[in-house]
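Engineer: Okay, predicted coordinates and the sequence, questions at the end:
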Number of protein chains: 2
Amino acid sequence: MKLKIGEFARLGQVSVQTLRYYDDLGLIKAGEVDRFSGYRYYTLEQLPRLLQILALKDLGISLQQIGALLDHEMSNIELRQVLMLKQEELRNEVQGQLERMERIEARLRLLEQNERVPSYEVVIKQVEPIRVFSEQGKVSSYWEVDPLWMRLHERLGARKPAATGPYFTLCHASEPEIELEVCMPVAMDAEVDGLDAHVLPAVESMACTVHHGPFTGLITGFTALMTWVDANGYIIAGPDREIYLQLPEPGHFDSDPSAITELQIPVVKATA
Amino acid sequence: MKLKIGEFARLGQVSVQTLRYYDDLGLIKAGEVDRFSGYRYYTLEQLPRLLQILALKDLGISLQQIGALLDHEMSNIELRQVLMLKQEELRNEVQGQLERMERIEARLRLLEQNERVPSYEVVIKQVEPIRVFSEQGKVSSYWEVDPLWMRLHERLGARKPAATGPYFTLCHASEPEIELEVCMPVAMDAEVDGLDAHVLPAVESMACTVHHGPFTGLITGFTALMTWVDANGYIIAGPDREIYLQLPEPGHFDSDPSAITELQIPVVKATA
DNA sequence: TATACACCCTCCAGTTACCATAGAGTCAAG
DNA sequence: CTTGACTCTATGGTAACTGGAGGGTGTATA
C-alpha cells in the first residue's frame, strides 16, 4: 500500500511542497522513488514520523534540530535543554510583544490628539561612560549658562585637549535652584595637568529625542520626552542631558532654525 | 556639517549596513553622495527621519509601510488602522505563544517520565463533513463489532458505491453500554436506492493520533490521546473515531503489526 | 612623503521554512 | 485516445538584514 505524495500530504495536513522540501532536507525521505518517473511513494508506516516532525515543529524547534533529534543524534537531555531554552525564548518574546503593544497603545492615544506624525520620536539607548572636563554651578535661569562655559574655557586655557564628541549640559536639579554642569567630552586617557576630569557612568537605558530648531523650543522637546517616558511606563532615574549636536550661529541661539540638540533622560521601567 | 555613514549610524544606533539597506530601499537616502568615491554623507537634519523610521519599525510596521507613511502616501486614518491591525495581530501571536509554552510544558512533563521520544504524536486538525453509510448498534465488547460490519455489508448488497476513504468506527458511548457506529464514507452525491446515508458534521478541532500495530494496542493509543488532551487543556466534545487506514490481515486483528489506525477525538479548548 | 589604519564602496551569498510558477512528464478513468 | 488531475525538477521570491570578498578613500602619524 503506497501513497502518492498528495495523499500522504493530506493525511499529515501539510502541503505537497512541504513534503518535497523535507525530502530534500532528508528529514523524511520518501519510502520509494520510481526510478523513471521520479514519483515519490510513501507508506503509512512513515506517518508517525511525519507527525513527530510536525509536533516538534509546532513547539518551535528548527527543522535541523528535529532532524538531529529523530536520527537519535540528540539525547533527550539535550532535547530538554533545547525545550527549556525555547521556553525562555518564548517568555522573552511574549514580554517584548506586550511592551510593544503598550507602545502601540501610547501611539494610538497620541494619534487621538495630534493630527500628524509626531515631531519627536523617542528611542531608548544604552549610553557608554563618558569622561568629561566640566564646570558645575547654580544659575538663576537656563539662559544664564554662559558664565559656566566661560569658566570652563578659562580653566582649560590654551592646553585644550581634543573633544571626542559634542559638548553638552547636565541638569542636576531645577528646584529649588537650577543646578547645571557644562561638559566637554574627552578621551579616557586625556590629562591636563592640574585639572581633573571625571567620568559619567554608563546609563543602561536613556530615553532620547532630537530637537531641531532654536533653543527656545527645547522646552517643548523636553515636554514631549517626559510625556513619552510617562506614557510608556518609565520613570526618571538621573540628571537629563542636552547634547549640542549642531550649535546655532553665535548670537542667534534663540532664532537659528538649523540648531540640532539631542535631549536625554536616564530612565528605568516602572515596576508597578 | 556632513556626517559619514558610520557617524550617522552611531547617532541612530543602527548598523552601517542597515543604513545602506534603507538607502537602497529609498527609505532614507543619503543627503549627498560623492560622485567619485561613492561615499554617502548624511546631515543632522536627517536624524529625525531616521528616528521616526526606527520608532515605527519598533512598533512592528514593515519598512514598506513606513516608507509609504513617511512620504505622506498614507493618511493617519490608515496609520490608525494599521496600528490596530498590528495590535490585533500581536494579541493573537501572544495567545499562540502562550499556548505553545503550555505544549512545551506538557512535553517536558512527559519527558520526566518517559525516556524516549513519545510513541504517540497528537495533532489538532479540522475535519470536513463526511457522508457515510453506516450501521449503528450496541455491543457488549469492542471485539463484538463484526456483526455490525456484516449488517452494513448485507444492506448495501451488490450495489456498493465506491468508498471515498478508509472505513471507520464511531464510538457514541461506552457506558453503560458500548454503542458503536460502523461507517463507510461515500461521495456527497452517492445514492443507493432505498438506503439513506447521513452526513457527519465538520469538526472544528479534532485531536488525532496514529496507532501502529495490532488492535490490542488501540487502548494505549486512546489513553495517550486522552492524556494529551487533558494535559493540553482541552475537553472532549463528541464521539471518538477509529479510522482503519490499513487493516491487519484478516484473522490476525490481534497480532498483525502492520495495521495502522488513526484515533480521533473532537475537542474544545477548556475555558477555565 | 610614505604608510598604517580605520573607514567606505559595490556586489554577492546566506539566513528560515516554505510558496509560486514554468515547463514537462505521468497516471487512471472514461 | 483523450482528458484532467496529479507529479516531477528547477528557479526565484519572501523580510530585514548580516557577513564577506575585493578594492578604494581619508587622515594621522613616522
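Structural biologist: Happy to help now that I have it. Residues are numbered from 1 along each chain as shown, chains lettered A, B, ... in the order given.
Engineer: Check whether the top helix by length along chain A comes near DNA strand D.
Structural biologist: In chain A, with assignment by DSSP state H, the single longest helix is helix A:76-113. No. Helix A:76-113 lies out of reach of DNA strand D by C-beta under 7 Å from any atom of the strand, never closer than 13.6 Å. Placement of C-beta: from N, CA and C, glycine included.
Engineer: Mind exporting the C-alpha coordinates of the helix or strand following that helix to PDB?
Structural biologist: Sequence-wise, the next helix or strand downstream of helix A:76-113 (DSSP states H and E) is strand A:123-127. Extracted C-alpha coordinates of strand A:123-127, given in PDB (Å, rounded to 0.1, in the frame of the first residue of the first chain):
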ATOM      1  CA  VAL A 123      14.300  55.900  21.400                       C
ATOM      2  CA  ILE A 124      15.800  54.000  24.300                       C
ATOM      3  CA  LYS A 125      19.600  53.700  24.000                       C
ATOM      4  CA  GLN A 126      22.400  52.400  26.200                       C
ATOM      5  CA  VAL A 127      25.000  55.100  26.800                       C
END
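Engineer: Show me what strand A:123-127 pairs with in its sheet, parallel or antiparallel.
Structural biologist: strand A:203-212 (antiparallel) (DSSP bridges).
Engineer: near DNA strand D, which residues of chain A?
Structural biologist: Counting by C-beta under 7 Å from any atom of the strand, chain A sits next to DNA strand D at A:Lys4, A:Ile5, A:Gly6, A:Glu7, A:Val16, A:Arg20, A:Ala30, A:Ser37, A:Gly38, A:Tyr39, A:Arg40.
Engineer: what ranges do the helices span in the stretch 151-272 of chain A?
Structural biologist: A:218-231 (DSSP state H, counting those that start in this stretch).
Engineer: quick one: low-confidence ranges for it?
Structural biologist: A:190-194, A:272 (pLDDT under 70).
Engineer: what number of residues lie near the residue of it found nearest chain B?
Structural biologist: Of all residues in the stretch 151-272 of chain A, A:Ile260 sits closest to chain B, at 4.3 Å by C-beta to the nearest C-beta. For A:Ile260, the count of nearby residues is 21 (other C-beta atoms under 10 Å in any protein chain shown).
Engineer: Next: the one 5 residues further on.
Structural biologist: Around A:Ile265 sit 25 other residues, with neighbours defined as other C-beta under 10 Å.
Engineer: now do A:Pro257
Structural biologist: What A:Pro257 shows, counting by other C-beta under 10 Å, is a neighbour count of 10.
Engineer: tell me the contacts of it?
Structural biologist: Shown in contact with A:Pro257 (C-beta atoms under 8 Å, 6 or more residues apart in numbering or on different chains): A:His212, A:Gly213, A:Pro214.
Engineer: contacting residues for the last one?
Structural biologist: Looking back up the chat, that one is A:Pro214. By C-beta under 8 Å, 6+ apart, the contact list for A:Pro214 reads A:Pro248, A:His252, A:Phe253, A:Asp254, A:Ser255, A:Asp256, A:Pro257, A:Ala259.
Engineer: repeat for the second one
Structural biologist: With contacts defined as C-beta under 8 Å, 6+ apart, the neighbours of A:Gly213 are A:Pro257, A:Ala259.
Engineer: Which of the residues of chain A next to DNA strand D ranks first by neighbour count?
Structural biologist: A:Ala30 (22 neighbours).
Engineer: Read off the pLDDT value for it.
Structural biologist: With respect to pLDDT, A:Ala30 has a value of 95.
Engineer: Let me know whether it touches A:Leu3 as I believe.
Structural biologist: No. Assessed by C-beta atoms under 8 Å, A:Ala30 is found out of contact with A:Leu3, at 9.7 Å.
Engineer: Quick check: neighbours shared by these two?
Structural biologist: Joint contacts of A:Ala30 and A:Leu3 (C-beta under 8 Å, 6+ apart) are A:Tyr41, A:Tyr42.
Engineer: A:Leu11: how many residues sit nearby?
Structural biologist: When neighbours are counted by other C-beta under 10 Å, A:Leu11 comes out with 20.
Engineer: Repeat that for A:Val132.
Structural biologist: That count, for A:Val132 with other C-beta under 10 Å as the rule, works out to 23.
Engineer: How about the contacts made by A:Phe133?
Structural biologist: A:Leu152, A:Arg155, A:Leu156, A:Pro161, A:Cys183, A:Met184, A:Val186, A:Val192, A:Leu195, A:Ala197.
Engineer: any chance of these in TSV, with neighbour count and distance to B:Ala270 too?
Structural biologist: TSV is the format used below for these (neighbours: other C-beta atoms under 10 Å in any protein chain shown; distance: C-beta to C-beta, whole Å):
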residue	neighbour count	distance to B:Ala270
A:Leu152	19	69
A:Arg155	13	73
A:Leu156	16	72
A:Pro161	16	69
A:Cys183	28	60
A:Met184	23	65
A:Val186	21	64
A:Val192	15	72
A:Leu195	12	71
A:Ala197	19	64
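Engineer: The residues you listed into a markdown table, with extra columns for distance to A:Val229?
Structural biologist: Below are these laid out as a markdown table (distance: C-beta to C-beta, whole Å):
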| residue | distance to A:Val229 |
| --- | --- |
| A:Leu152 | 29 |
| A:Arg155 | 34 |
| A:Leu156 | 34 |
| A:Pro161 | 34 |
| A:Cys183 | 22 |
| A:Met184 | 27 |
| A:Val186 | 30 |
| A:Val192 | 36 |
| A:Leu195 | 35 |
| A:Ala197 | 30 |
